[in-house]
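1. Mind folding the following:
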Amino acid sequence: MAMADQTLTKAMNKCIFCQIVADESPATKEFEDDDVIVIHTIKPSAPLHLLVIPKRHIAALTVVTNDDVPLLGKMLLVANTVAAQMGFAGLGYKLAMNVGVGGGQVVPHIHLHVLGKKSASDSLESRVK
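-> Next comes the predicted model:
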């Protein structure tokens, strides 16, 4: 195995999202298919706070390539579908992706936050954690 492959394998073994995808760590799943999984976050900052996670390990948005464009598009479509199925589309919702440590990314595996509110008076935090 090449050194780069070994480094990626080690990173994936320690990645909590890779562990969730492999059913090695628990999570409350809202949706799953061959490419993505949608889970409830353990630290919600809105009445609806889901994470759309690609099953393939991609450390950050800064390393995506043109080959990743279909997967990123699918993440957006899945986010929209799940928000609608949960009844949050009518009030609108927020999508956010933190990029890099300086951008608030805590887990080194890209993921999309889906945040929604139950009523017009609820607020959505401007900073997603």
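
2. From now on I want contacts and neighbour counts done on CA atoms only, so please keep to that.
-> OK.

3. Packing partners of the longest helix belonging to the chain?
-> The residue-count maximum for a helix in the chain (DSSP state H) belongs to helix 69-85. Contact here means 3 or more C-alpha pairs under 8 Å, 6 or more residues apart in numbering; DSSP states H and E; on that basis helix 69-85 packs against strand 48-54, strand 112-116.

4. Identify all contacting residues around the first one.
-> In other words, strand 48-54. Where contact means C-alpha atoms under 8 Å, 6 or more residues apart in numbering, the residues beyond strand 48-54 that reach it are 17, 35-41, 71, 75, 78-79, 88, 109-118.

5. Only the buried members of those: can you turn that into a ChimeraX selection?
-> Per 16 or more other C-alpha atoms under 10 Å, the buried members of the contacts of strand 48-54 correspond to this ChimeraX selection:
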select :17,36,37,38,39,40,41,71,75,78,79,88,109,110,111,112,113,114,115,116,117,118
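
6. before we move on, the earlier item: and after the longest helix of the chain, which helix or strand comes next?
-> strand 93-96 (DSSP states H and E).

7. buried residues in that next one?
-> Those buried within strand 93-96 under the rule 16+ other C-alpha under 10 Å are 93-95.

8. low-scoring stretches of this protein, by residue?
-> In the predicted model of the chain, residues 1-13, 119-129 satisfy pLDDT under 70.

9. in this structure, which residue is closest to the centre?
-> residue 111 (2.6 Å; C-alpha atoms, centre = their mean).

10. which residue sits closest to that residue, ignoring its sequence neighbours?
-> Of all residues not flanking residue 111 in the chain, residue 53 sits nearest, at 4.7 Å (C-alpha to C-alpha, 6 or more residues apart in numbering).

11. Roughly how far does that neighbour sit from residue 39?
-> 8 Å (C-alpha to C-alpha, to the nearest Å).
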